[in-house]
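Asks: Fold the following and give me the result.
(2 chains)
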Amino acid sequence: MILTSRSAANNTNFNCEFAITAKKLCRNFGQLAAISELDLTVEKQTIYGFLGPNGSGKTTAIRLLTGLLKPSRGQVNVLGCHLPQEADKLRLQIGYMTQKFSLYDDLTVKENLQFISKIYGLTANEQKSRLSELLSIHQLTQQSQQLAGSMSGGQKQRLALAAAVMHKPKLLFLDEPTSAVDPQNRREFWEQLFDLCDQGTTILVSTHYMDEAERCHKLAILENGIKRADDSPQALMNNVAAQVVEVAANDLRYIKDKLTALPQVISAAQLGTHLRVLVKNAEADPVALLQQQSCIKITDKLAIVRPSLEDVFVSCTGQAVAR
Amino acid sequence: MKTSLMRIQAIITKELLQLSRDRMTFAMVIMIPLVQLLLFAFAINTNVRNIPVGLVDHSQTSLSRVLQQTVSATGIITFAHNYHSVKAAQKAIASNEVRAVLIIPKDVSQRLVRHPSVGFGLPPSSKQETSRPIAQWLVDGSDTVIAGSIKSLRNMPLVELLDKPANRHTPTFEVTLLYNPEQRSVVNIVPGLVAVILTMTMIMFTSAAIVREQERGNMEMLITTPLAPIELMIGKIFPYIFIGALQVSIILGLGYWLFNVPFNGGLSQLAIATLLFICASLVLGLVISTIAKNQLQSMQMTIFILLPSILLSGFMFPYEGMPLPAQYIAEALPATHFIRLIRGVVLRDVDVIEMNFDMLWLIGFTCAGLLIAALRFKKTLD
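Replies: Below is the predicted model of the structure:
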């Protein structure tokens, strides 16, 4: 696995080191700027995440990077191909798993995979071995004769991944791959991704789940088409621009309303019996600040805690997101 | 090239699999030509029989009754009602009780004996007295076919009426009817029906082809693959060529066995003409499919093409009878050219080569359409 620190030393030779480089990438839909001034570097053999709420431009960014959309401005280089001119050349080297299941519901698992294998020009022998290999890796051997439309969300998603990696792409795009999948399946799915990554595939995944984002090697937080932050999840959490105070009290809903009105407080969110309050870094002693408030009783417990990725997200975007 | 063929084959296999799972569509492939052939071949008849008409008999003589029976014996009309006055008869026409009324005047016998067709000597035609018709038809002229049928009674011979040979006169022209001497409508309709049914099913199949992939979200996957637009287009139309061939066999086979439609041309000639038309229709459907945003729109556009293909192509009405602008529109429709070809091949045993304008036109249409569809189909989401 390549560590993030290595990128700085080698960034002159980006075509070899980076799977994706984008400079000042913009895309407008009429008046709306779906992506603006996006700078991006994705190292090879890493899992890179796009974290953002719905409508933040994750899908548009992925479509721009796969050559499905033409950028309004800016430069994109993916696996050494300049987009949009060399989009056709790029297609053989990338795999793309769409947000919505896009294989054929009225074909069986096997027929779907056979179709994809022929589209990518696998020979008859390659087809046979690759198909049985993929079916066993993605635990679909038993379902191979089942119609894709009749399968569960988790099975569909495994089939979609199997189809996307049919031709062993160097770069894999996954657009919210686990939005229709239970936690157990999601866990197994990520194991597959790390296996693929280990075998040399670069993976770009978009998500709105914090736990999923935390698994990425590197993460970009998107909001309204603008990249707000960009680093490894650990570094993001260490360098968060806010301090987190956990308040344990009785009347949390009332306290929350009072505290969010303070200018120093970025946001407050209830987590069961606690209130997680994000206070701006400029405040030297956030606990003292909160204790001065009339709504906080002396008996209430206040403590500074480690920021989570959600805190990072909220401080970056100023918007709460459902966990 | 090899991978390109493989991709086309992948699309064909996929289309066939999807079609085989779609029982309803599969059934319609057989049922549409079968039912429509039986329906139209029996139903459409341009030789109108048994038009309900009324009678106003002012003379009330045995002669008027014989006249009535003679007219009735032609089979073109049946007397449905008697009316006392012309006024009542006109009302009956207005209310669609009868389509026409025969008015027999009081002096019908005088008129008859002086009538030239009866043949008492030469008709002194300048005299108004002698050149008066025997009786009068009031016809609802709004339907030209009905009006035409009754007009054909104008010069009917009245031999039986007087038990005397008619005043035969030599016709100006001798007319010999080739290919369909019995004048059966079905001979003209069955080959034309091939064009109409193929226009309907072929355009419908492919007009939904691309749109359906878009609606179901498969297109987003397809455009990220190395599949080229032209490969997708060819793969999409190929399976339907066989379906079209199957439908043509059903129509012409049944036409031959059930309706005695003669089959004069060679099978290879028929195959060439049909293949050209199937390809042209499928490609037209593809072009529609790249324009339409959803399946409803594609269906509307199919109907938009289908109606003129039925009405202007020469299937229902002769091409020659249409005004020039309508003829230009008809020329643009593949069905017009195919109807000429198939009637030529099936009924008149012409080689397709001899009708090379229509043939070349269909080839040109197919190539141009395929190109337009492939160019219109973008591999981006812009």
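Asks: Averaged pLDDT, stretch A:287-305. What do you get?
Replies: Rounded to a whole number, the mean pLDDT of stretch A:287-305 is 85.
Asks: Compute the first-to-last residue distance for that stretch.
Replies: By CA to CA, to the nearest Å, the extent of stretch A:287-305 from end to end equals 11 Å.
Asks: what's the distance between the residue of the stretch 151-300 of chain B found nearest chain A and B:V211?
Replies: Closest residue of the stretch 151-300 of chain B to chain A, CB to the nearest CB: B:M221 (3.7 Å). In short, each C-beta sits where N, CA and C put it, glycine included. Per CB to CB, to the nearest Å, B:M221 is found 16 Å from B:V211.
Asks: Get me the contact residues on the stretch 151-300 of chain B for chain A.
Replies: Proximity of the stretch 151-300 of chain B to chain A is confined to B:216-221, B:223-227 under the rule CB under 8 Å from any CB of the partner chain.
Asks: quick one, domains of chain A?
Replies: Here the domain parsing of chain A from automatic domain parsing is A:6-236, A:241-306.
Asks: for those domains, which one ends up most surrounded?
Replies: Neighbour counts (mean count of other CB atoms under 10 Å in any protein chain shown) averaged over each of the domains of chain A peak at domain A:6-236, with a mean of 19.
Asks: Please see if it touches chain B.
Replies: Yes - residues of domain A:6-236 contacting chain B under CB under 8 Å from any CB: A:63, A:66-70, A:84, A:87-88, A:91-92, A:94-96, A:98, A:100-107, A:111, A:114-116, A:118-121, A:163.
Asks: So which of those residues sit within strands?
Replies: Within these, residues falling in strands by DSSP state E are A:94-96.
Asks: Make JSON lines from those residues and add distance to B:L19 to it.
Replies: Shown next, in JSON lines, are these (distance: CB to CB, whole Å):
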{"residue": "A:I94", "distance to B:L19": "31"}
{"residue": "A:G95", "distance to B:L19": "28"}
{"residue": "A:Y96", "distance to B:L19": "27"}
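Asks: Nearest to chain B among those residues?
Replies: Chain B lies nearest to A:Y96 out of these, by CB to the nearest CB, at 4.2 Å.
Asks: which strand residues sit across from the closest one in the sheet?
Replies: Counting by DSSP bridges, A:Y96 forms beta bridges with A:F173.
Asks: contacting residues for it?
Replies: The contact partners of A:Y96, taken as CB atoms under 8 Å, 6 or more residues apart in numbering or on different chains, are A:62, A:66, A:164, A:172-173, A:175, B:221, B:224.
Asks: now with 7 Å?
Replies: By CB atoms under 7 Å, 6 or more residues apart in numbering or on different chains, the residues touching A:Y96 are A:66, A:164, A:173, B:224.
Asks: Widest-spaced pair of the residues you listed?
Replies: Among those, the pair separated by the greatest distance (CB to CB) is A:T66 and A:A164, at 11.4 Å.
Asks: Would you map the helices across the stretch 1-150 of chain B?
Replies: B:2-21, B:23-43, B:62-73, B:86-94, B:108-113, B:144-151 (DSSP state H, counting those that start in this stretch).
Asks: Restricted to helices, list the residues of domain A:6-236 next to chain B.
Replies: Residues from those lying in helices, with DSSP state H as the criterion: A:63, A:66, A:87-88, A:91, A:111, A:114-116, A:118-119, A:163.
Asks: Report the buried residues of the longest helix seen in chain B.
Replies: The longest helix of chain B (DSSP H) is helix B:229-259. By neighbour count with 16 or more other CB atoms under 10 Å in any protein chain shown, helix B:229-259 contains the buried residues B:229-240, B:243-244, B:247-248, B:250-252, B:254-255, B:259.
Asks: Likewise for stretch B:147-158?
Replies: B:147, B:149-150, B:158.
Asks: Where is pLDDT lowest across those residues?
Replies: Across those, the bottom pLDDT score, 71, is held by B:L158.
Asks: Please tell me how far that residue sits from A:Q143.
Replies: From B:L158 to A:Q143 the distance is 85 Å (CB to CB).
Asks: tell me which element B:P262 is part of?
Replies: Counting by DSSP states H and E, no helix or strand carries B:P262.
Asks: Can you get me a residue count around it?
Replies: If you count neighbours by other CB atoms under 10 Å in any protein chain shown, B:P262 ends up with 15.
Asks: quick one, what contacts it?
Replies: Counting by CB under 7 Å, 6+ apart, B:P262 makes contact with B:187, B:347.
Asks: pLDDT at it, what is it?
Replies: On pLDDT, B:P262 comes in at 83.
Asks: Now it: phi and psi?
Replies: The phi and psi values for B:P262, taken as degrees, to the nearest 10, are phi -60, psi 150.
Asks: Likewise for A:E37?
Replies: The phi/psi pair for A:E37 (degrees, to the nearest 10) reads phi 50, psi 50.
Asks: Not counting sequence-adjacent ones, nearest residue to it?
Replies: Leaving aside its sequence neighbours, A:E37 sits nearest to A:K24 (CB to CB, 6 or more residues apart in numbering or on different chains; 5.3 Å).
Asks: again, but for A:P307
Replies: The shortest distance from A:P307 to any non-neighbouring residue, by CB to CB, 6+ apart, is to A:V240 (4.4 Å).
Asks: burial measure for that neighbour, as a count.
Replies: When neighbours are counted by other CB under 10 Å, A:V240 registers 22.
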